[in-house]
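S.K.: sequence and predicted model, in that order:
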Amino acid sequence: MILKSFESDLVFRENTYLLISGSQALLIDPGADPELLIGEILSGAYNLLAVLATHGHMDHILAAKPLCERFGCPFYMHGGDRNWLEELQNMCAHFRLPYYGTPILNFDLAESAELDLDPFHFKLLHTPGHSAGSVCFLTGDQLFSGDTLFRHSVGRSDLPGGDLTLMKRSLREKILSLPGATRVYPGHLEATDIAEERKHNPFVVL
Ligand SMILES: [Zn+2]
Ligand SMILES: [Zn+2]
């Protein structure tokens, strides 16, 4: 599997990940630049199977609608964050961000523990705390952690739907219990691994 990452240049500096295997591709958290991502997929002549969201915050789903529409693919997110979809247009106006439309939630990740999008296979970890519907995608030894775990930091839990107690539990039970060599690709900042975070993340001494 080839992994490409794109950092949105808007204020939120959100990471979008494009996963490629042969001619098939998947997007995780398409941030603010649909044209860039559409161009990338067209230039590789990839078949985009789906758009996945680690959670419903606007910086992670801004480009989801145009991508799903352009490539005729479904949008996956945990239904616990449905309220953020409903707020997307208002939030874009509030933060003066471009609004590209609200994606339709085709598959609710609350309904499964695994995701098979051949040739991609994920274990879904529901990790509430940053938001009620936050999930992490685990494939092999690679974890896409959204805003649950960052390098040497964690996501905030003071936004609506956030919960510090749940955040601590998610980190302890679902994330830090993974093998140390698990590579972590977060929603912001650079990649890390579980061993590094167990040792050096000041927020995970919980
Ligand atoms: Zn977030
Ligand atoms: Zn974020």
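M.R.: Structure's in. What do you need? Since the structure is predicted, the reported quantities are computational estimates derived from the model, not experimental observations. Ligands and ions are numbered 1, 2, ... in the order given.
S.K.: so how far is ligand 2 from residue 99?
M.R.: In this view, residue 99 and ligand 2 are 17 Å apart by Cβ to the ion, to the nearest Å. Heads up, the C-betas are built off the backbone N, CA and C, glycines and all.
S.K.: excluding residues flanking it in the chain, which one is nearest the residue most central in space within the chain?
M.R.: What sits nearest the mean C-alpha location of the chain, by Cα atoms, centre = their mean, is residue 54, with 3.0 Å. Excluding the flanking residues, the one nearest residue 54 by Cβ to Cβ, 6 or more residues apart in numbering is residue 146, at 2.7 Å.
S.K.: burial of the one you found, as a residue count?
M.R.: Here the count is done by other Cβ atoms under 10 Å, and residue 146 has 29 residues near it.
S.K.: next up, the contacts around it.
M.R.: Neighbour list for residue 146: 29, 54-55, 60, 127, 130, 134-136, 155, 186-187 [criterion: Cβ atoms under 8 Å, 6 or more residues apart in numbering].
S.K.: for it, report the pLDDT, please.
M.R.: Note on residue 146: pLDDT of 98.
S.K.: now flag whichever of the contacts of residue 146 is closest to residue 170.
M.R.: Using Cβ to Cβ, residue 127 is the member of the contacts of residue 146 that lies nearest residue 170, at 3.8 Å.
S.K.: what are the ranges of the strands in the chain?
M.R.: Ranges of strands in the chain, per DSSP state E, are 2-7, 15-21, 24-28, 47-52, 75-77, 107-108, 114-117, 120-126, 135-139, 142-146, 149-150, 153-154, 183-186, 192-193.
S.K.: do you know which of the ones you listed lies nearest ligand 1?
M.R.: Among the strands of the chain, the nearest to ligand 1 by Cβ to the ion is strand 142-146 (6.9 Å).
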